[in-house]
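A.B. asks: everything below, folded, please.
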Amino acid sequence: MTNPPRTLFNAVVCLQCGHAMPADLHAGACARCGGAWLDARYDYASLPADWPARVAARPAGMWRYAELLPFGDGLPPVTLGEGGTPLTRSERLGHDLGYRELWIKDERQQPTGSFKDRQAAATVSALRELGVDELVLASTGNAAAAYAAFCARAGIKLWVFLTSSVPAEKMRELALYGAEVVKITGTYDQAKQVAADFAAERGVWLDRGAKAVPGKESMKTIAFEIAEQLGWRAPDWYVQAVSGGIGPLGVLKGFEELHRVGLIDRVPKLAVVQSAGCAPMVRAWERGDAVATPVQPDTLITVLATGDPGFAYEILKRANDRDGGAMVAVGDGAAFRAMRRLARTEGFSVEPAVSVAFAGLEQLIADGHIDPDASVVVNCSGHTFSAEKHALEDRYVLHLDVPVPSSEPAHTSEGFVAALRQLDEQVTTVVVIDDNPNDSRLICRLLRHHRNYRVFEAHNGPDGIDLVRQRRPDLVVLDLNLPEMDGFKILDRLKSDPRTRRIPVMIVSAKSLEPEERALLEDRTTSIWQKGNFSAAEMVKHVVGMLGGALDQPDKPLTTTPRRIADGVLEAFGDLDRRRILVVDGNALDARLLRRLLEARHRFDVVEAHSGAQALADLDRAAPDLVIMDLALPDIDGEDLLADLRNRDETRRVPVIVVATHDPAPPLRARLAAQADSVWSKETLDRSSLLAHVETILE
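C.D. replies: Okay, the predicted model is just below:
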């Protein structure tokens, strides 16, 4: 019987000062200088001479290179079949460009469709072994999808911080995996800062990306696979589009290690390609700077929008200075042209980041950097797939405004503190389990009226238990009269599960309790409320107090009306029964048609405004539940009105739907997406779809 391979991991070295430390997969900082950029090292002399033959006999995938990976021999990987992606010779594109040896490393074949699955698999495997059950990640997109999938498989709760420029479909995909998604109205670098502060405040593990050992080591396996697939030889060039740099950092290290142990005769030249709208590495390299100056991202290709690359640039610059590589920036237009060309010549449907790499390849060839007889490998880093738009609702995404970058650090710091306070309220989660949708919806509205909590509903026992396990809320509101599985059985299941037994449960039910039933519930729940025997304000005050707050006094008295619901009477807020919608459109006919469409459902009160001034005057009177607006107004630019809405405290969180006269151009659509919940065009408007979207938002 063959012994399993053993790791040769024997040290961690600080890349900033060179200090060597004992091997520790989870090392967080250098013991000498406090530096965060750490690197795994191995007993390279002990690598078996027949290592390539041993590797070839093992199952395909990134874990086959165990000796040069930093994971303990007993580590059970969290795996979805990552690694082992094809290396495909480019036939038609290579011929068109005049290169016989143009290869495509097809990372689209990874479980979630991008090379970040390697990083997620390695990191999540290490964290599960450590016993981590909650993780915070900031991402521009692909890493979020990968981590969400692997954390779901490992049973780790994931908090993902994304910028508002990330497409809504991507956010829904993450929520589909059960991740908690926080959308930051700011830059990616601000998202990273908020994520770090959030993790520190809650005492939750923060992913450190390229600085940490597991992620960067996983990316080495791309280099190992390329060398193995080329017959244990290195290409002349390796080309990849770059955001933060973890991909080329790991690939560079992989090739350096293979060269060190004599398996390849050289380290390939690296071609680092960035979007021209976010190219801090390229601009610094062109100037010969030792350190990259951060930039404000201005690109439609959101997965490449890292404005501050930090120490990653210094590592890649040293490699290019040594090996003769290059850095180049390409515009979004060139990237999209390269995307179409790749699809039409090679049949590869790719994400925009890949098209940046191929546009960069063409630019490097045009500039004379790459010789025609060179062997070139381009990382086809990903092809992500969107979640179905109607599979999830927007309540699965948390929205957080952070201050724009300011020259006054104190002001910015205060803004971040305020943003974190806002986020703390938003991440407070309540699950309501009640088979009567009217009851559960009413409780949701009561709570949301006073606090920006996220409230989820389930209408039967199995769905409720699954929702509580997935969301791990701060409170469960449970009815007792449910079909098939009643509230007592649901409570038994929740209290017997280690994942949910500590979550407080509050009973709100019309059931008349026997003394023994009440005694049983009093031992296992926080409180018992009988429908029809309490005031709504009293219940809300109790919930808010239990969740760590005080109930704000409303600006005006709330009218209440008794309503018979199923088998109990629960006081309902009359003002919450009909939702108020403000329609802003310079075309009075369009505004009237939309108002009639909405009022036909008898659930909405609709107010028209035919100018920006009229809209602002109405907003001064009362904040609506929803704004539907055109951009073409007679007195104010629609974008300015939208910005005004987002700057007002009372309308900052009010959903906004833009229904534009004409289909917005991509730059305008991108700006609108950062401020509005959705963007529609009157030219292609389907009224029933819009109405369904409105009802979904206002549920």
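
A.B. asks: least trustworthy helix or strand in the protein by mean pLDDT?
C.D. replies: When each helix and strand of the chain is scored by mean pLDDT, DSSP states H and E, strand 560-565 comes last, with a mean of 33.

A.B. asks: where does the prediction get shaky in the stretch 401-550 of the chain?
C.D. replies: 401-426, 450, 549-550 (pLDDT under 70).

A.B. asks: what ranges do the strands span in it?
C.D. replies: 429-433, 454-458, 475-478, 505-509, 527-530 (DSSP state E, counting those that start in this stretch).

A.B. asks: and the ones you listed: which comes nearest Lys211?
C.D. replies: With C-beta to C-beta as the measure, strand 429-433 is the member of the strands of the stretch 401-550 of the chain nearest Lys211 (30.5 Å). (Glycine included, C-beta is placed from N, CA and C.)

A.B. asks: could you say what helices and strands that closest one packs with?
C.D. replies: If contacts are counted by 3 or more C-beta pairs under 8 Å, 6 or more residues apart in numbering; DSSP states H and E, strand 429-433 sits against helix 437-450, strand 454-458, helix 461-471, strand 475-478.

A.B. asks: so which residues of the stretch 151-300 of the chain form strands?
C.D. replies: 157-163, 180-185, 205-206, 237-241, 269-275.

A.B. asks: any idea how far the residue of the chain positioned farthest from its centre lies from Arg340?
C.D. replies: Computed with C-alpha atoms, centre = their mean, the maximum C-alpha offset from the centroid of the chain is found at Pro515, amounting to 48.4 Å. Distance of Pro515 to Arg340, given as C-beta to C-beta, to the nearest Å: 74 Å.

A.B. asks: over to Trp51?
C.D. replies: In this view, Trp51 and Arg340 are 42 Å apart by C-beta to C-beta.

A.B. asks: so the two - more neighbours on which side?
C.D. replies: Trp51 (17 against 10; other C-beta atoms under 10 Å).

A.B. asks: and the pLDDT for the more buried one?
C.D. replies: With respect to pLDDT, Trp51 scores 97.

A.B. asks: that one: what's it in contact with?
C.D. replies: 67, 261, 263 (C-beta atoms under 8 Å, 6 or more residues apart in numbering).

A.B. asks: report the contact partners of the nearest residue to the first one once chain neighbours are set aside.
C.D. replies: Residue nearest to Glu67 in three dimensions, not counting chain neighbours: Leu8, with 5.0 Å by C-beta to C-beta, 6 or more residues apart in numbering. Residues touching Leu8, when contacts are defined by C-beta under 8 Å, 6+ apart, comprise 42-44, 46-47, 67-68.

A.B. asks: any idea how far Pro22 is from Leu8?
C.D. replies: 14 Å.

A.B. asks: out of the strands of the stretch 401-550 of the chain, which gets nearest to Trp285?
C.D. replies: strand 454-458 (44.1 Å).

A.B. asks: which elements pack onto the closest one?
C.D. replies: strand 429-433, helix 437-450, helix 461-471.

A.B. asks: could you tell me the angle between the direction of it and that of helix 461-471?
C.D. replies: Orientation note: strand 454-458 sits at an angle of 150 degrees relative to helix 461-471 (axes from the mean of the first three to the mean of the last three C-alpha atoms, to 10 degrees).

A.B. asks: what lines up beside strand 454-458 in the sheet?
C.D. replies: Pairing partners of strand 454-458, with direction, according to DSSP bridges: strand 429-433 (parallel).

A.B. asks: what angle do the strand it pairs with and helix 437-450 make?
C.D. replies: Using the same axes, to 10 degrees, strand 429-433 lies at 160 degrees relative to helix 437-450.
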